[in-house]
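Undergrad: Predicted coordinates and the sequence they were generated for:
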Amino acid sequence: MKKILIVLAVITAVIAAAGLILPKEMRIERDVVIAKPRAAVFSSIRSIRANQAWNPWLKLDPNTVTTYQGADGTVGSMAAWKGNDKVGEGEQEITEIVEGEKVVSELRFKKPMAGTAVTWLATEDAGAGQTRVRWGFTSETKFPQNIFCALMGKAFMTKTFDSGLADLKALMEK
């Protein structure tokens, strides 16, 4: 019994130490080059409604219910979603638009875990009528969430962003 308690104490200490050492912020940025002019790509990515066509989380629950508020593609426009346990519940609000360059949104997660994040889509000329799209995300990750993010969350998010960008590319180049 004493050995089990010692092992449990060591495991607890390692987890606590990891939580103190690991980053308290998750940041992801992925990009793709799309064979379309920047103006056409930007026109699409500024629209929350248009983004639903390549939203990788909707693949996790095609029955997700999404509602919209405000003039789509403008600061203050919002989308709220309710989905299964994989998608959860939350809302996205456009907080900044730099015309032709960047759209910034705040994500407010309600379920399964409450939290906020900032996400952005940015465009830049990639030459020869092509556009580079950068999709970024940053979120505070407090203990013990930072342990999960370091072990599995960042890899999952990176894979999900890559999938979404591949779908955006395919849709735009169609």
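TA: Structure received.
Undergrad: okay, CA-based contacts and neighbour counts for the rest of this
TA: OK.
Undergrad: thought L107 was touching T119?
TA: Yes - using Cα atoms under 8 Å, L107 is in contact with T119, at 7.2 Å.
Undergrad: can you pull the contacts of N63?
TA: G83 (Cα atoms under 8 Å, 6 or more residues apart in numbering).
Undergrad: And I4, by the same measure?
TA: Counting by Cα under 8 Å, 6+ apart, I4 has no contacts.
Undergrad: my guess is it is in a strand, correct?
TA: No - assignment of I4 by DSSP: H, G, I helix; E, B strand; the rest coil gives helix, placing it outside any strand.
Undergrad: spatially speaking, which residue is in the middle of the chain?
TA: When Cα atoms, centre = their mean is applied to the chain, the residue found nearest the centroid is F137 (5.2 Å).
Undergrad: can you list the weak-confidence ranges in the chain?
TA: 7-25, 141, 143-154 (pLDDT under 70).
Undergrad: Tell me where it has helices.
TA: All helices of the chain, identified by DSSP state H, fall at 2-21, 38-45, 48-51, 145-148, 154-173.
Undergrad: Which residues does the third one contact?
TA: Pointing back at helix 48-51 there. S44, I45, D72, G73, S77, M78, A79.
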